[in-house]
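Novice: here you go, sequence then predicted model.
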Amino acid sequence: MKKNDEFILNIEDMGVNGEGIGRYEGMTFFVKDALIGDLARVGVTKMKKTYGYARLIEVVEPSPDRVEPICAFSRPCGGCQLQALSYEKQLEFKQRLVANDLRRIGGFTEIPMEPIVGMHDPFHYRNKAQLPIGTDRDGHIVTGFYAGRSHRIIPNRDCALGVPVNKTILDIVIGFMERCGISAYDETTGQGLVRHVLIRYGFRTEEIMVCLILNGADLPCAGELIRELTALPGMMSISINVNTDRGNVILGTETRVLWGQGYISDQIGDIRFRISPVSFYQVNPVQTEVLYRLAADYADLGGAETLWDLYCGIGTISLFLSGEAGHIYGVEEIPQAVEDAKRNAEENQITNVEFIEGKAEEIFPAFYAEHTGRPDVVVVDPPRKGCDGKLLHAILTTAPERVVYVSCDPATLARDLQILCAGGYRLKRVRPVDNFCQTVHVETVALLCR
């Protein structure tokens, strides 16, 4: 086989990135946009020794689980990898993905897997949108999302995963830029002013925030934009963020409020949170509450326990669990997040949670080197790369009765669970939660008991 060869391929499986997988003449091929059950005509794009990559040319016979995407841009856009697959099969795919990683990477043979928790309506669930601003070939200002594995903008102001008000806001921003002659940023040259538009929406409060990320310190004619945006019900915060670096990081270090306050509020359960442009806050508030209630169930708190929430962010899990534990320590290395967490505790009048700034792998073992006793429960919710190895060692050394692991990456979850179980824990419960419908990403909660 060589590049550009075409053939008919039966898609028998799907990979971790949502690509179809089939075998032809003893070779395994990975095909973007092909679904399990498809009979597809494909063209080779790259060959390796034992496998290859191919593009989807034509679906000869569609999978019985293939559906018509509600978004016309779902195939070229890099945001939704699974929109052409029925939601029931999306959930099956994600549950299988978690189980396969636990077997293949974690070495688990018996997995106490519980059914994945899906959504009643798997669209319009995102409370945050970060959209790049650019120009098309004709020089018109466009916004949307990047095509897969590129920085080419697919123009689309009405993402099916976002809230409806996003389109109204983007129409206002781009109309304002066109009238006032405000340029869009060009990644190639480093010229142009507006780089991204950040929108946050409170599902419970219906409060709205708009932040323009600028390649400069000021926004000309800002008063005109403020007049238009403040006419929208729920608008609470309009700001700019300055980022003049020639890199891929979206937000810079300086944020300045143009109108209103520097944050919006939203709730998870009964806890109210302040959310700034730079705050980490789960993007799917409906499923986040499901996720945290599941974590609380796994923690099995009786009201008197000492609990550590490691990688605590702005304190969402700590404060959510505060009514069920005796004392909670939350550890986070980002100073702004710790400040937000402390403020959120004060505003909710929660006094049994203490937030500590620093690296979890340093703060947690140092505490128990100076204090007697051990934690009853540890909750970890690390970034995609998983837990630091030193932290896993500290957990094994301090030996809490239960560890609740909240993960956004099944592969690093499986790796870390293997280490903990080799050190004296047993995997008791595992349950995926679909926080990222239409995409290949999935949250998982796991319970380990000593």
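Specialist: Received, thanks.
Novice: and stretch 72-85, C-alpha only, in CSV?
Specialist: The C-alpha trace of stretch 72-85 is given here as CSV (Å, rounded to 0.1, in the frame of the first residue of the first chain):
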residue,chain,number,x,y,z
ALA,A,72,-23.1,21.8,9.4
PHE,A,73,-19.5,22.3,10.5
SER,A,74,-19.2,19.3,12.7
ARG,A,75,-16.9,17.4,10.3
PRO,A,76,-14.2,20.1,9.6
CYS,A,77,-14.4,21.7,13.1
GLY,A,78,-12.1,20.2,15.7
GLY,A,79,-14.6,20.6,18.5
CYS,A,80,-17.0,17.7,18.0
GLN,A,81,-15.5,14.4,17.0
LEU,A,82,-18.6,12.3,17.7
GLN,A,83,-21.6,14.3,16.5
ALA,A,84,-22.4,11.9,13.7
LEU,A,85,-22.7,9.0,16.1
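Novice: how far does that stretch sit from the chain's center?
Specialist: 17 Å (C-alpha atoms, centre = their mean, to the nearest Å).
Novice: quick one: buried residues of that stretch?
Specialist: By neighbour count on 16 or more other C-beta atoms under 10 Å, the buried set for stretch 72-85 is 73-77, 79-85. No exception for glycine: its C-beta is placed from N, CA and C like everyone else's.
Novice: go on, stretch 93-107?
Specialist: For stretch 93-107, by 16+ other C-beta under 10 Å, it's 93-95, 97-99, 101-102, 105-106.
Novice: just name the closest of these to P69, please.
Specialist: F93 (15.9 Å; C-beta to C-beta).
Novice: A129: which of the buried residues of stretch 72-85 is nearest?
Specialist: G79 (10.2 Å).
Novice: just say helix, strand or coil for that closest one.
Specialist: With DSSP: H, G, I helix; E, B strand; the rest coil as the basis, the three-state label of G79 is coil.
Novice: same question for F367.
Specialist: Applying three-state DSSP: F367 is helix.
Novice: who's in contact with it?
Specialist: Y329 (C-beta atoms under 8 Å, 6 or more residues apart in numbering).
Novice: re the thing from before, from the buried residues of stretch 72-85, pick the one nearest V290.
Specialist: So of those, ranked by how close each gets to V290 (C-beta to C-beta), first place is L82, at 19.6 Å.
Novice: what about the stretch 351-450 of the chain, any weak spots by pLDDT?
Specialist: In the predicted model, the stretch 351-450 of the chain carries no residue with pLDDT under 70.
Novice: where along the stretch 151-300 of the chain do the helices fall?
Specialist: 165-180, 222-229, 285-299 (DSSP state H, counting those that start in this stretch).
Novice: and if you look at the stretch 351-450 of the chain?
Specialist: Counting by DSSP H, counting those that start in this stretch, the helices of the stretch 351-450 of the chain are 360-370, 389-398, 410-422.
Novice: contacts for the second one, please.
Specialist: Put plainly, it is helix 389-398. 310, 360-362, 364-365, 368, 374-375, 378, 380, 403, 416, 419-420, 423-424.
Novice: try 6 Å
Specialist: For helix 389-398, contacts defined as C-beta atoms under 6 Å, 6 or more residues apart in numbering pick out 360-361, 364-365, 368, 374, 378, 419, 423.
Novice: deepest of the helices of the stretch 151-300 of the chain, which one?
Specialist: helix 285-299 (a mean of 21; mean count of other C-beta atoms under 10 Å).
Novice: what's the next secondary structure element after it?
Specialist: strand 306-310 (DSSP states H and E).
Novice: now, among the contacts of helix 389-398, which is nearest to I36?
Specialist: Nearest member of those to I36, counting by C-beta to C-beta, is I419, at 32.0 Å.
Novice: find the nearest non-adjacent residue to that closest one, please.
Specialist: L392 (5.1 Å; C-beta to C-beta, 6 or more residues apart in numbering).
Novice: burial count for that neighbour?
Specialist: Look at L392: counted by other C-beta atoms under 10 Å, it has 20 neighbours.
Novice: what's the neighbour count on K128?
Specialist: When neighbours are counted by other C-beta under 10 Å, K128 registers 19.
Novice: list the contacts for it?
Specialist: Per C-beta under 6 Å, 6+ apart, neighbours of K128: 200, 283.
Novice: go again with 10 Å.
Specialist: Applying C-beta atoms under 10 Å, 6 or more residues apart in numbering, we find K128 in contact with 162-163, 166, 198-201, 209, 275, 277, 279, 281-284.
Novice: and K428, by the same measure?
Specialist: By C-beta under 10 Å, 6+ apart, the neighbours of K428 are 112, 298, 402, 446-449.
Novice: any idea how far it lies from D300?
Specialist: 10 Å (C-beta to C-beta, to the nearest Å).
Novice: what touches both of the two?
Specialist: 402, 447, 449.
Novice: and the residues you listed, which of them are buried?
Specialist: 402, 447.
Novice: show me which of the shared contacts of K428 and D300 is closest to S237.
Specialist: L447 (38.2 Å).
Novice: just list the residues touching that closest one, thanks.
Specialist: L447 neighbours (C-beta under 10 Å, 6+ apart): 112, 294-295, 297-300, 402-405, 425-431.
Novice: follow-up on the earlier one: and the two most separated of the contacts of K428?
Specialist: P112 and R402 (14.1 Å).
Novice: run through the stretch 1-150 of the chain and note the low-pLDDT ranges.
Specialist: Residues of the stretch 1-150 of the chain that meet the cut-off, pLDDT under 70, do not exist.
Novice: which elements pack onto the lengthiest strand in the chain?
Specialist: Counting residues, the longest strand in the chain under DSSP state E turns out to be strand 51-61. Counting contacts by 3 or more C-beta pairs under 10 Å, 6 or more residues apart in numbering; DSSP states H and E, strand 51-61 is packed against strand 6-10, strand 20-24, strand 27-31, strand 39-47.
Novice: out of these, which comes closest to A337?
Specialist: Taking the helices and strands packed on strand 51-61 one by one with C-beta to C-beta, strand 27-31 is closest: 37.6 Å.
Novice: gap between that closest one and the chain center?
Specialist: 28 Å.
Novice: kindly report the same for stretch 149-162.
Specialist: With C-alpha atoms, centre = their mean, you get 16 Å for stretch 149-162.
Novice: buried ones in that stretch?
Specialist: Those would be 153-154, 156-157, 159-162, for stretch 149-162 by 16+ other C-beta under 10 Å.
Novice: distance between the ends of it?
Specialist: Stretch 149-162 has an end-to-end distance of 21 Å (criterion: C-alpha to C-alpha, to the nearest Å).
Novice: same check, this time on stretch 342-351
Specialist: Across stretch 342-351, first to last residue, C-alpha to C-alpha, it's 10 Å.
Novice: V210 bridge partners, please.
Specialist: Bridge pairing for V210 (DSSP bridges) gives the partners I199, I238.
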